[in-house]
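need a structure here:
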Amino acid sequence: MQTPRPRNSVFFRLRSLVFNPKLHRTAQSARTSDHCGPRPIRLPDWQAHQQSMHIFREPASCISVFDRVSPTNNVYPWNSIIRALTHNGLFSEALGFYARMRDVGVRPDAYTFPSVINACAGLGDAQMGKVVHQHVSEAGFGSDLYIGNALIDMYASSNQYWKEALWYYSELKLDGMLPDLYTVSSVLPACGGLVAVREGRILHGLVEKIGVDGDVIVRNGLLSMYFKFGNVTEAQKVFDEMVFRDIVSWNTLVWSVGIVNWDCLKTRIKFFREMITTFTPDLLTVTSVLRACGHLGMYAKCSKLEDSLRIFGLMDVCDIVTWNTIISACIHHQDCYVGFQMINAMRNEGLAPDEATLLGILPICSLLAAKQQGKEIHGYIFRLGFESNVPVGNALIEMYSKCGNLKSAVGVFELMKVKDVVTWTALISAYGMYGEGQKALNAFAQMEVAGIFPDHVAFIAIIFACSHSGLVEEGLNLFDCMKNKYNIEPRMEHYACTVDLLSRSGHLNKAEDFILSMPLKPDASIWGALLSACRANGNMKIAEQVSKRIIELDTDMTGYNVLVSNVYASMGKWEQVRSVRKSIKSKGLKKSAGCSWMEIKKRVYIFGTGDRFFEQFEEVYQLLDILGSLMAKQGYVPDLQCVLHDVDDDEKRDMLCGHSERLAIAFGLLNTEPGSTLQIMKNLRVCADCHTVSKYISNIVQREILVRDANRFHLFKNGACSCGDQWRIWTTIATSKEKRQKNINSISMRSTQAKLGMWIHAFAPVGKRSNYMVCSNTVTDDRSFVDDFSRTDESG
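The predicted model follows:
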């Protein structure tokens, strides 16, 4: 223990002066006249003023007195001035005195370092903190509890150094240090930020063991940590068990409920109402609730975009926050056309986009797959200097991956200096959408090596990737790893992905057993995953059983009802079909109309199923007729089972020909350069027959065709698809894949291409084309990593 400092020491007098500016002013008055110049201060007896020694009021006075006393090898006044400056928020000055102290050869002691480390934390300068940490180790104070707490708090205050905080905490425990209240309160944010579930649970146990579980600061830390884990049940338990709650407790609850589940607006408001019976809300509380029910945001979340636009139009002055809110409302309603209009209007008002604006613009490009606009925004981001911003980088990865440019998505990822779990998840998801399951697994492994702890969304993305690449064992191992290694409780989405993983590979019985063993009650998404696979595999026995279960759930999700209807139609049970469709109508549900869209020369063109009201529709249908004849010569037989209507075969063939992706492909062939890649986006899943037709067309015209449906990308090239037909397994297709491929490869392509090229050239536009841009509100958001089995194809 450090020896007591004598009251008549220079340190004691200096410290008293530092803490009491009134006495300092008295001392200043003791100066002689200007003729004689200043003399050394005649310090009075400070014992009568000891009661005010804990107050720092005038740092400038402290520095003045310190310089006049001119301490040399005495560490006490140095500690005092550094602490005074740190306490008053003058962190740079405090570090300056620390540097001077070392320069004059004064050795820091155990009382020096906590203030110096706090100054580094106040500046957010963890690099300087690391240097000070090295000084601590060299001085032999590495096991000091107070210094250790300061270091942990400094590292934990920066999300880039959470790993260091946990590492140093572990080192201190290995040295035999018993953590106290302050240690725990500093480590908890690091556990939450890293989603270090195992370490967090161990720390929770330690909290109860050392008897600090009743402290409100520790309880608030536990509450925040469990919310960051996504464990709402445990967080609610921590909150309910709190004997005393402060404003931070309620703010954490009100704010975090919306972070874990943004749709829990009513719950957030409910907690707010409970809170105001005891506490007066502060700024953070009001901000949180306003985000849940603010005027623009409230109408947007309540499916009333028109009301949001009306209120927006009535506002006299709109700042950047207002513009960002209305743009976000457009994204929420997937109204890309109005979203782009708002962005242009904002720029015309002279407002420069900020980070929040960019994070609103990029999803519009993702929804529309507007690749060219996305590239232009990327350039704008670079000019604004936002390229190092992690959320913006994450949005760019998602934008490029959903616009069909996996190479650019990977390029953005590789250029990012700082990567968080969202960054890695975006990359894994991108690989999954393109059927690159092995690359997704490699990225997941690299993320673990980098020390980034996967969260529940990352596991959804990687299991999705395994499902779309036929990596069944790997996907099942990851599902077990999530529970056993990372202590993440599976959610409904994880179970849905795993059911899809088993079903897609043909393990229907295993999938059914897996569902029946679930601790959660299966919802329509779980049974829908199995039903979709049963329909694809032709297993009508299980399909009928699952259909009955979905009907019993009485779900209001249109897609699952349509899926059941389609299964009954495949079985020829038209009475059941009429019954299900009657139920859909009675509930007021409507199936999303199938549509496809593509970007040509910075314009987006959209096509609906059976559409005949677009430019060049006559030429498009004539081209499809010619392609149909060429495909028939190669062995193509229409899969009429993809038309689930009680009509004759000729009408079924006509309906297949009118599917939106075929119209888009033909339109693209007429209006793009020969040899260029066609890129088609679709709001529903590609039906089996269109998948087959796209392969034939890619070989006939020798063009790559990239199709993004509701769940993934399909790259058709030389008569094959990048998915390897892993997306579905149909047992009812007339000819085998091998036979079709043989027929496709055996045809003489040169004469076919020449004839077709001449025909396309004859109908190709000459001169300036129509400059209209078509957008549609039927474009749906497919940002979820889970296969949306409620989005059927255009057959039903």
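
quick one: low-confidence parts of the stretch 501-650 of the chain?
For the stretch 501-650 of the chain, the stretches flagged by pLDDT under 70 are 643-647.

do a quick rundown of the strands in it.
Counting by DSSP state E, counting those that start in this stretch, the stretch 501-650 of the chain has strands at residues 595-600, 603-608.

pick the most deeply packed of the ones you listed.
Greatest average neighbour count among these goes to strand 595-600 (a mean of 24), per mean count of other Cβ atoms under 10 Å. Bear in mind the C-beta positions are built from the backbone N, C-alpha and C, glycine included.

the longest helix anywhere in the chain vs strand 603-608, what angle?
Across the chain, the helix with the greatest residue count (assigned by DSSP state H) is helix 617-633. Taking axes from the mean of the first three to the mean of the last three Cα atoms, to 10 degrees, one finds helix 617-633 and strand 603-608 inclined to each other by 70 degrees.

now do helix 617-633: distance to the chain's middle.
How far helix 617-633 lies from its chain's middle: 43 Å, per Cα atoms, centre = their mean, to the nearest Å.

any weak-confidence spans in the stretch 301-450 of the chain?
301-308, 311-317, 331-337, 368-370.

recalculate using a threshold of 80.
Scanning the stretch 301-450 of the chain for pLDDT under 80 picks out the ranges 301-344, 347, 349-358, 360-361, 363-374, 376, 380, 384-388.

now the helices for it?
For the stretch 301-450 of the chain, applying DSSP state H, counting those that start in this stretch gives helices covering 305-314, 320-332, 336-348, 355-368, 371-384, 390-402, 406-415, 421-433, 437-449.

buried stuff in the fourth one?
What that stands for is helix 355-368. Neighbour-count burial for helix 355-368 flags 356-368 (criterion: 16 or more other Cβ atoms under 10 Å).

try the second one
When burial is assessed from 16+ other Cβ under 10 Å, helix 320-332 yields the following buried residues: 322-332.

related to what we said a few turns ago, in TSV: the helices of the stretch 301-450 of the chain, plus distance to residue 670.
Shown next, in TSV, are those (distance: least, Cβ to Cβ, whole Å):
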stretch	distance to residue 670
helix 305-314	35
helix 320-332	32
helix 336-348	24
helix 355-368	21
helix 371-384	19
helix 390-402	25
helix 406-415	27
helix 421-433	28
helix 437-449	35
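
of all these, which lies closest to residue 630?
Nearest of the helices of the stretch 301-450 of the chain to residue 630, taken as Cβ to Cβ: helix 371-384 at 29.6 Å.

which strands and helices sit next to that closest one?
If you count contacts as 3 or more Cβ pairs under 8 Å, 6 or more residues apart in numbering; DSSP states H and E, helix 371-384 packs onto helix 355-368, helix 390-402.

out of those, the one nearest residue 214 is which?
Taking Cβ to Cβ, helix 390-402 is the member of the helices and strands packed on helix 371-384 nearest to residue 214, at 37.1 Å.

just to revisit the earlier point, closest one to residue 89 among the helices of the stretch 301-450 of the chain?
Among the helices of the stretch 301-450 of the chain, helix 355-368 comes nearest to residue 89, with 26.6 Å by Cβ to Cβ.

dump the strands of the stretch 501-650 of the chain to TSV, plus distance to residue 217.
TSV is the format used below for these (distance: least, Cβ to Cβ, whole Å):
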stretch	distance to residue 217
strand 595-600	53
strand 603-608	53
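
let's have the buried residues of helix 355-368 in TSV, adding distance to residue 415.
Shown next, in TSV, are the buried residues of helix 355-368 (distance: Cβ to Cβ, whole Å):
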residue	distance to residue 415
356	22
357	22
358	17
359	18
360	23
361	20
362	16
363	21
364	23
365	19
366	19
367	24
368	25
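
what's the closest of these to residue 559?
Closest approach to residue 559 among the buried residues of helix 355-368 (Cβ to Cβ): residue 367, at 18.5 Å.

quick revisit: and the strands of the stretch 501-650 of the chain: which comes nearest residue 449?
strand 595-600 (37.8 Å).

tell me what that closest one is packed against?
strand 603-608, helix 660-671, strand 678-682.

off-centre distance for that strand?
26 Å.

now swap in stretch 436-453 and tell me
In terms of Cα atoms, centre = their mean, the centre of stretch 436-453 is found 17 Å from the chain centre.

right, and residue 441 touches residue 477 too?
No - counting by Cβ atoms under 8 Å, residue 477 is not a contact partner of residue 441; they are 10.1 Å apart.

neighbour count for the two, which is higher?
residue 441 (20 against 12; other Cβ atoms under 10 Å).

give me the pLDDT for the closest residue to the more buried one other than its chain neighbours.
Spatial nearest neighbour of residue 441, chain neighbours left out: residue 474 (6.1 Å); criterion: Cβ to Cβ, 6 or more residues apart in numbering. Note on residue 474: pLDDT of 94.

count of residues packed around residue 474?
Residue 474 has 20 neighbours, counted by other Cβ under 10 Å.

I'd assumed it was in a helix, is it?
Yes - Residue 474: assigned to a helix according to DSSP: H, G, I helix; E, B strand; the rest coil.

just the pLDDT for residue 292.
Looking at residue 292, its pLDDT is 50.

which one is residue 426 nearest to, not counting chain neighbours?
residue 397 (4.2 Å).

hmm, I was thinking of residue 386
Setting aside the residues directly before and after it, residue 386 is nearest to residue 392 in space (Cβ to Cβ, 6+ apart), at 4.9 Å.

what's the separation between the one you found and residue 399?
Separation of residue 392 from residue 399 (Cβ to Cβ, to the nearest Å) stands at 10 Å.

residue 150 now?
Taking Cβ to Cβ as the measure, residue 150 falls 42 Å from residue 399.

quick one: contacts for residue 102?
residue 108 (Cβ atoms under 8 Å, 6 or more residues apart in numbering).

tell me the pLDDT at it?
Looking at residue 102, its pLDDT is 88.

secondary structure element for it, which one?
Mapping residue 102 onto the secondary structure by DSSP states H and E places it in helix 91-103.

quick one, the following helix or strand past that helix and helix 91-103 angle?
Going down the chain from helix 91-103, the next helix or strand is helix 113-123, by DSSP H and E. Inter-element angle recorded for helix 113-123 and helix 91-103: 140 degrees (by the same axes, to 10 degrees).

packing partners of helix 113-123?
Counting by 3+ Cβ pairs under 8 Å, 6+ apart, helix 113-123 packs on helix 75-87, helix 91-103, helix 126-139, helix 145-156.

can you put those helices in CSV and add distance to residue 200?
Listed next are the helices and strands packed on helix 113-123 as CSV, based on distance: least, Cβ to Cβ, whole Å:
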stretch, distance to residue 200
helix 75-87, 30
helix 91-103, 30
helix 126-139, 22
helix 145-156, 13
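
got phi/psi on residue 555?
With angles defined as degrees, to the nearest 10, residue 555 sits at phi -70, psi 150.
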